[in-house]
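*Asks:* let me see the structure of the following:
(2 chains)
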Amino acid sequence: MITIDRLRKDYKGLTAVKDLSLHLDAGDIFGFIGPNGAGKTTTIKMLATLLKPTSGRATIDGVDVVAHPEAVRERIGYMPAFFGIYDDMRVWEYLDFFAAAYRLPRNQRPKIIDDVLNLTDLIGKKDNYVEELSTGMKQRLCLAKTLIHDPKVLLLDEPASGLDPRARIEIKELFKELKSMGKTIIISSHILPELADFCNKVGIIERGELLISGDVKEIMAQVAGGKTLEVRLLDDFDRAAEIMADLPGVRAVRRVDDGAPAAVRNGDVEVELVMAESCAMVVDFTGDLEAQADLNRHLVEKGLRVIAFHEQQTDLEDIFMKVTRGLVQ
Amino acid sequence: MNPVNFLVDNPVLNREVRGRMRVRKLSGKAWRVVAVIVALVVLRYYYILLRAVQQGRPDDAVELWRGTSYLVLTLIALLSPALAATAISQELEQQTWDLLKVTRLTAWQVVMGKWLARQTIPAMLLLISLPLLLMSALHGEVGVAGFAANFGYLALTSAFFSSMGLWCSAAARKTAAATAVSILLMGVVCLGTCLIDGIISVLDSFRRSNGLGTHAMWVNPFYAISMMDDLIRDPNVYLPKLHLAVVETSVSFELAMVVLFLYLLAQRYQATAAQ
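*Replies:* Okay, the predicted model is just below:
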């Protein structure tokens, strides 16, 4: 559905996007992650036909974004990070304006407007003036505007920025609904927990360069290089660390609480210990499920009082921190 | 898309005109009351004025016609560029321009929609002055053709200044700068030409002695309309060919500039900006 081939955008003295390549299939939800100024907005604007690339090519649904921008615009819905609204317009008038701008037939517009208002939970505000809406409602209104012509592809640039926690949750539910509708979505954010729930693919960009991209689970496995186990013990932390350090599959052991560290080495890896009532020890583990079960059994057989033993979910924040600090092997 | 649909189905034009006509704080009932009061006052005013014109002398009617057309031209020169100067810069400032650009609206739909909508108030001004101009022109024996030529020139000048203001709005990108530049350009056309004319006339005694303007004045709408009015009132006026040349030059200049400004705007809109 979306193919980007060595897309580049240069400004005077600055390369905003460096030879970015990417492929998304129909129905993919792509999380575009990166710090401020990484090049996310520039990339999205090039796809939205608002910026002309310096070089490279991008196609949406087989249509080149530079050669045929009009054809691309009927296929995409674009929601910028910062957008204004027209004063002195009611909610339904605002949507009717964009429905007309997208050349929807006049007789179909009232129903379409009601449908998108229902989807974005703004039907009760239909006759309100746009400027009377709260920030979260305006965000949803912009999303309604983005969906008015039923585009195949959605380009959402930081759609939840500036929203309070409740509004974020509400808009996240909306994104899940859009996912279930089969839309192909590129959603950029620098707030990672938002994306983790519903993206099946992610790309991490830093200083114009796409550092890594692909399936979320594959990336997590690739970057994490295994799994992370959390072992919580009542006491005997020193002994537990020493025992674990010698077991097969254990790459490193570290603590998650504050405290006075004591060091035990496993090769090049230092193990930090803290005196605490119950201590959570985080283990970087490369073994399979059998080895994992053996680890648990071994700790118990050695008389250690294990109160919790489970695999910790590696999240996008961990991936982002590792990748953007150049820790990928 | 046929021309009628181009205008009727133009969402930019519809939104801008509605925005101009809407007074949000008034309810429907209040609106009706205000409309009735305004209509009664206007009708009463017009009745008195037109009766006065009818009962007056033809010479007075002609002077009233000239005076009114100069007044309308002055208001058009002041209002048209300033009203149009916010059309695009305001969209850029309030960050709605990108939302507009990613729709399926063509460049010409957006440009024409904004241009026509920004002439709503000058058009209302022309409409309000129409009965007075017509009545005074007919009573002053100017004739329908003379009235039509004069009125048409006022409409063309409004279109010219609107297109100039619109272009300034796109070029300057900030409303304050766009407004300032458009008024400055209007000043150059209406006053700057007089200054140039004055300087040249000081140096050229022939022109000074015959009261003739320099070529710089030929694009000045006030000069052009006075030449037109002289020709309408007296086809045997001194140097009628010169009068006609001035009028033709001014009309051609304004028409060409309207087309050029709108074309440049459409091109600017179409080009995906290489920022």
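*Asks:* CA atoms for contacts and neighbours, from now on please.
*Replies:* Noted.
*Asks:* now residue A:87: closest residue in space that isn't a chain neighbour?
*Replies:* Leaving aside its sequence neighbours, residue A:87 sits nearest to residue A:131 (CA to CA, 6 or more residues apart in numbering or on different chains; 6.4 Å).
*Asks:* quick check: phi and psi on that neighbour?
*Replies:* The phi/psi pair for residue A:131 (degrees, to the nearest 10) reads phi -70, psi -10.
*Asks:* near chain B, which residues of the stretch 1-150 of chain A?
*Replies:* Proximity of the stretch 1-150 of chain A to chain B is confined to A:11, A:48-53, A:70, A:73-74, A:78-79, A:82-86, A:88-89, A:97-98, A:100-103 under the rule CA under 8 Å from any CA of the partner chain.
*Asks:* the domain parsing of chain B - what is it?
*Replies:* Per automatic domain parsing, the domain ranges recorded for chain B read B:27-56, B:57-273.
*Asks:* just those: most buried one?
*Replies:* With neighbours taken as mean count of other CA atoms under 10 Å in any protein chain shown, the domains of chain B reach their highest mean count in domain B:57-273, at a mean of 19.
*Asks:* on that earlier part again, which among the residues of the stretch 1-150 of chain A next to chain B end up buried?
*Replies:* By the neighbour-count criterion of 16 or more other CA atoms under 10 Å in any protein chain shown, the residues of the stretch 1-150 of chain A next to chain B include these buried positions: A:48-53, A:70, A:73-74, A:78-79, A:84-86, A:88-89, A:97-98, A:100-103.
*Asks:* now, which of these lie within strands?
*Replies:* Per DSSP state E, strands hold the following members of these: A:78-79.
*Asks:* low-confidence stretches in chain A?
*Replies:* For chain A, applying pLDDT under 70 flags the ranges A:192-194, A:220-226, A:256-278, A:313-319, A:321-329.
*Asks:* can you rerun that using 50?
*Replies:* Residue ranges of chain A with pLDDT under 50: A:258-265, A:273-276, A:326-329.
*Asks:* quick one: the helices in it?
*Replies:* Using DSSP state H, the helices found in chain A span residues A:40-47, A:69-73, A:91-101, A:109-119, A:135-147, A:165-180, A:192-196, A:216-224, A:237-245, A:289-301, A:316-324.
*Asks:* quick check: residue B:196 touching residue B:219?
*Replies:* No: if you go by CA atoms under 8 Å, residue B:196 and residue B:219 don't touch, sitting 11.9 Å apart.
*Asks:* contacting residues around the residue nearest to the spatial centre of chain B?
*Replies:* Among the residues of chain B, the one closest to the centroid is residue B:158, at 1.1 Å (CA atoms, centre = their mean). Neighbouring residues of residue B:158 by CA atoms under 8 Å, 6 or more residues apart in numbering or on different chains: B:76-77, B:80, B:119, B:122.
*Asks:* farthest pair within the residues you listed?
*Replies:* Taking CA to CA, the two most distant members of the contacts of residue B:158 are B:77 and B:119; they sit 12.0 Å apart.
*Asks:* turn the contacts of residue B:158 into JSON lines, including distance to chain A.
*Replies:* Listed next are the contacts of residue B:158 as JSON lines, based on distance: CA to the nearest CA, whole Å:
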{"residue": "B:76", "distance to chain A": "26"}
{"residue": "B:77", "distance to chain A": "27"}
{"residue": "B:80", "distance to chain A": "22"}
{"residue": "B:119", "distance to chain A": "19"}
{"residue": "B:122", "distance to chain A": "22"}
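*Asks:* not counting sequence-adjacent ones, nearest residue to the closest residue to chain B within the stretch 101-250 of chain A?
*Replies:* For the stretch 101-250 of chain A and chain B, the shortest gap (CA to the nearest CA) falls at residue A:102, measuring 5.1 Å. Take residue A:102 and drop its neighbours on the chain: the residue closest to it by CA to CA, 6+ apart is residue B:104, 5.1 Å away.
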